[in-house]
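Trainee: sequence first, predicted model second:
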Amino acid sequence: MNEPNISRYRFYDVFNVENGRISPRIPVRIGGVTMGPGVSFGGGVSFSGVDLAQHIDKDIAGYVENGVFIINGFYQ
């Protein structure tokens with residue numbers, strides 16, 4: 001199996017942030033959790049152990065597979 005081509009993405013290219021709420025712009029998978037546009041959540045909500053509100057100003061390491069953006073990690 002080929003290794004994914006992991007690239008660097010800006011958080012705001014993947015997620016909208018408005019009034020303290022985060023919502024994916026595209027289908028996103030974190031660990032075993034997949035969510036799409038229309039899902040909205042605030043800080044303190046964890047997906048596969050990741051609280052996205054803790055990473056708002058960080059870049060994301062990830063790749064696209066079958067139309068879903070896979071989050072592999074975050075840059076400091």
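Mentor: Right, received. Where do you want to start? Residues are numbered from 1 along each chain as shown.
Trainee: so which helix or strand of this structure has the lowest pLDDT on average?
Mentor: Least confident helix or strand, the chain: strand 46-47 with a mean of 90, by mean pLDDT, DSSP states H and E.
Trainee: ok, residues contacting that strand?
Mentor: Applying CB atoms under 8 Å, 6 or more residues apart in numbering, the set of residues contacting strand 46-47 from outside is 30-31, 33, 35. C-beta here means a position set from N, CA and C on the backbone, and glycine is covered the same way.
Trainee: cool, and stretch 21-40?
Mentor: 13-16, 41-42, 47-50, 52-53, 56, 67-71.
Trainee: chain neighbours aside, what residue packs nearest to residue 53?
Mentor: Spatial nearest neighbour of residue 53, excluding adjacent residues (CB to CB, 6 or more residues apart in numbering): residue 43 at 3.3 Å.
Trainee: for the one you found, what are its contacts?
Mentor: Residue 43 neighbours (CB under 8 Å, 6+ apart): 20, 51, 53-54.
Trainee: how far off centre is the least confident helix or strand of the chain?
Mentor: 11 Å (CA atoms, centre = their mean, to the nearest Å).
Trainee: can you give the strand pairings for it, parallel or anti for each?
Mentor: Paired neighbours of strand 46-47 in the sheet (DSSP bridges): strand 50-51 (antiparallel).
Trainee: which element follows the strand it pairs with toward the C-terminus?
Mentor: Once the chain leaves strand 50-51, the next helix or strand it forms, by DSSP states H and E, is strand 59-65.
Trainee: mind listing the strands the following helix or strand past that following strand pairs with, and their directions?
Mentor: Counting by DSSP H and E, the next helix or strand C-terminal to strand 59-65 is strand 68-74. Sheet pairing of strand 68-74 (DSSP bridges) gives strand 28-30 (parallel), strand 59-65 (antiparallel).
Trainee: flag every buried residue along the longest one.
Mentor: Yep, that's strand 59-65 we're talking about. Under the neighbour-count criterion of 16 or more other CB atoms under 10 Å, strand 59-65 has 59-60, 62 buried.
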